[in-house]
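[1] below is the sequence, then the predicted model.
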Amino acid sequence: MTATACAVVLLAACSSGESTESGPPETTDTGADVVSGTGFDPTRQGPAADVEGATEGGIVTILTQIKDNVEPLDPSEAYQSVPLLSSLVFRSLTQYVYDPEQDAMVVVPDIATDIGTANDDFTEWEYTIREGVRFEDGTEVTAEDVAYGIMRSFDDDAFPNGPHYSNEFFLDGDTYKGPYKTGNQYDGIEIDGNTLTLKMARPFPAMPYWATWPAMGPIPQAGSLPAEYKLHPLATGPYKFGEYKPGESLTLVRNDQWDPDTDPGRHQYVDEFHLEYPTPVEQIESALLADSGEAQTTLGWDSLLPSTLLTAQSDAPDRLVTGPSLCMRSLSPDYRKIDNISVRRAIGYAHPYEDVWRANGAIPGVTALAATSVLPPGFPGRVDYNPLSTEPGQTDPAKSRELLREAGYAPGEYRLYIASYKDDVFYPAEAIVELAEGLERGGFKVTVYPQDSLYDKNPMLFDPSSPVNLRQGGWCPDWPSGSSWFPQVFSSSDSDIGTNRALFHEEAVDDQIEAISLLPLEEQPAAWGALDKQIMTKYYPLVVTQYLGRVMLHGSRVGGVSYDSVNAKPYLKNLYVIQ
């Protein structure tokens, strides 16, 4: 679920120039798959439908090797911890739920009575807070509490690691800095009884997605100072915080103030959840494979190692939770330096896909999926096309050399420069070796700049004046819409690499991104998919090297497990212990 500080890039074709279209591209024949998180059910009400066979009682243990999967606990700063906290502890204006009929995630109301009502140009959103939602201390949630929680989300100093979409989209988000700095008077939120009107600085059709985040939920003003509140934020969901040892463990216990009649998505079957972290992945997987004692009611929160998957596929196939994520990985040629589309395509043909996947610890076909388009399978509006003539994920060094000859370069004449760091999450040292060897088989000459640390690598990666002309990256959107993808990684930049690692610059593409971003949310998916195809076939601006899949394991007595394709995690709202 989460966005990483990595990005895809667009590279312009050297001869074809800019696209001449300025509005949204054609949206016919999208070839969209059944999608993750694109459905909306604005009228769904509580209680959530019973899970067949579910029983009450028992304890579920969740093990993860990554501390950030659990902390921070403060709703205003929750980021990687959102799938856990939103499922069990914190309620927001809207929420994702798993719909078994669609086998997909859909957006439904949460503490609001619907998913939001917008004005004609999406610069105002109205939410009415439902009656009967309470904090764990018994106090009923009011519109003022929600407004205060939202105002807190503007403070990027108090909550530096949290999402900051409020600053970007809300009225005066560039100047209002939250209640601790600017005060409680904020013109971007109006309250009338239990109804809030949220005012935007510019049209924001994607508000129902942002509204699913804990930062868009209630926080009482009293006792909310960050240093104190982060140790025990008040729950509104079916579970509240019990014993907490920062950086080690967290126990969630039943919240007796949660009313299922007010909640269209959650259940409270389990008595307690025990979270232990960081736990070494080998220890997690060994316990889950053994499936004895407490391990039978344990859920793994991290993707399996390749060796473990082979055993699990043989011994415990019914206990695997698998599915795609919304993430992809890519190589980004520098748009200013590699200005010939034949050279860019040559990189795509020469890339040693499976060799890099294996060197990166991925499992071909499971956690590393062959890629074509920018948007991954299941993404709203995705078009099924292939910008290269080879099968997805296949290497063709002969075709690469042919394209380089057509572009006027002899074997070994065109030089690629790459920065590396041995423990890089995308391309560790072993993967860089495979990458460089593959590109050289394709007719390139590769120079690698090995760095001692990520802090040494990043200046080379993000400094436009560095010699690097091929950058590693990828993207994970914060919600399943092109509005959380294309503006961030394709919008033009002349000097700032940021999330546009190729320094891509095409005004016509910028115009289309802006136009599509203003469409009603239900009209956007097809337009984003069509733009994806247009960009990759006209410009081939980046090499999409893989989509990311996930595979996790759980004990034999954990029931109600399904896959949350928005967050690429097991879906927690339906869990129960098989008695």
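    Happy to help now that I have it.
[2] rest of the way, CA atoms for contacts and neighbours
    Fine.
[3] what about the strands in the stretch 401-550 of the chain?
    414-421, 444-451, 470-475, 543-553 (DSSP state E, counting those that start in this stretch).
[4] ok, the first one: who's next to it in the sheet?
    Taking DSSP bridges as the criterion, strand 414-421 sits next to strand 444-451 (parallel) in its sheet.
[5] apart from its neighbours in sequence, what residue is nearest residue 173?
    Nearest residue to residue 173 in three dimensions, chain neighbours excluded: residue 167, at 4.0 Å (C-alpha to C-alpha, 6 or more residues apart in numbering).
[6] hmm, who's touching the strand or helix carrying that neighbour?
    In this structure, residue 167 is located in helix 165-169 according to DSSP states H and E. Contacts with helix 165-169, where a contact means C-alpha atoms under 8 Å, 6 or more residues apart in numbering, come from 150, 153, 154, 173, 174, 176, 200, 201, 202, 203, 204, 210.
[7] next one: phi and psi at the second one?
    Main-chain dihedrals, residue 153, degrees, to the nearest 10: phi -70, psi -10.
[8] contacting residues for it?
    Contacts of residue 153 (C-alpha under 8 Å, 6+ apart): 76, 77, 159, 163, 164, 166, 178, 215, 216.
[9] circling back to that earlier point, of the strands of the stretch 401-550 of the chain, which approaches residue 81 most closely?
    strand 543-553 (16.9 Å; C-alpha to C-alpha).
[10] what angle separates the one helix or strand residue 286 maps to from strand 543-553?
    In the assignment (DSSP H and E), residue 286 maps to helix 281-290. Angle between the axes of helix 281-290 and strand 543-553 is 50 degrees (criterion: axes from the mean of the first three to the mean of the last three C-alpha atoms, to 10 degrees).
[11] packing partners of the helix or strand just after helix 281-290?
    As assigned by DSSP H and E, the chain's next helix or strand after helix 281-290 is strand 298-300. The contact analysis (3 or more C-alpha pairs under 8 Å, 6 or more residues apart in numbering; DSSP states H and E) places strand 298-300 against strand 59-63, helix 281-290, strand 543-553.
[12] just checking, what packs against the shortest one?
    What it means is strand 59-63. strand 272-276, strand 298-300, strand 576-577.
[13] can you pull out the residues in contact with the following helix or strand past it?
    Following strand 59-63 in sequence order, the next helix or strand is helix 82-88 (DSSP H and E). By C-alpha under 8 Å, 6+ apart, the residues outside helix 82-88 that reach it are 1, 69-70, 73, 92, 95, 213-214, 237-239, 266, 567, 569, 572-573.
[14] what separates helix 82-88 from the chain centre, distance-wise?
    Mean-position distance between helix 82-88 and its chain equals 14 Å (C-alpha atoms, centre = their mean, to the nearest Å).
[15] what's the average pLDDT for it?
    Taken as a whole, helix 82-88 has a mean pLDDT of 98.
[16] quick check: angle from the lowest-mean-pLDDT helix or strand in the chain to strand 414-421?
    Within the chain, no helix or strand scores below helix 454-462, which has a mean of 85 by mean pLDDT, DSSP states H and E. If you take the same axes, to 10 degrees, helix 454-462 sits at 150 degrees to strand 414-421.
[17] packing partners of helix 454-462?
    Using 3+ C-alpha pairs under 8 Å, 6+ apart, the elements in contact with helix 454-462 are strand 414-421.
[18] export the strand it packs on as PDB, just CAs?
    C-alpha atoms of strand 414-421 as PDB (Å, rounded to 0.1, in the frame of the first residue of the first chain):
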ATOM      1  CA  TYR A 414      27.100   3.700 -26.200                       C
ATOM      2  CA  ARG A 415      27.900   4.200 -22.500                       C
ATOM      3  CA  LEU A 416      25.500   3.800 -19.600                       C
ATOM      4  CA  TYR A 417      26.500   5.100 -16.100                       C
ATOM      5  CA  ILE A 418      24.800   3.600 -13.000                       C
ATOM      6  CA  ALA A 419      25.200   4.400  -9.300                       C
ATOM      7  CA  SER A 420      25.000   1.400  -7.000                       C
ATOM      8  CA  TYR A 421      24.900   0.600  -3.300                       C
END
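[19] any idea how many residues pack against residue 80?
    Residue 80 is flanked by 23 other residues according to other C-alpha atoms under 10 Å.
[20] who touches the residue nearest to it when sequence neighbours are not counted in this structure?
    Leaving out its chain neighbours, the residue that sits closest to residue 80 by C-alpha to C-alpha, 6+ apart is residue 69, at 5.3 Å. Applying C-alpha under 8 Å, 6+ apart to residue 69 gives the contacts 80, 81, 82, 84.
[21] of those, closest to residue 509?
    Nearest member of the contacts of residue 69 to residue 509, counting by C-alpha to C-alpha, is residue 80, at 30.8 Å.
[22] let me know whether that closest one touches residue 68 as I believe.
    Yes. Contact status for residue 80 versus residue 68: in contact at 5.9 Å, counting by C-alpha atoms under 8 Å.
[23] low-confidence stretches in the protein?
    1-38, 493-496 (pLDDT under 70).
[24] buried sites along the helix holding residue 286?
    281, 284, 285, 287, 288, 289 (16 or more other C-alpha atoms under 10 Å).
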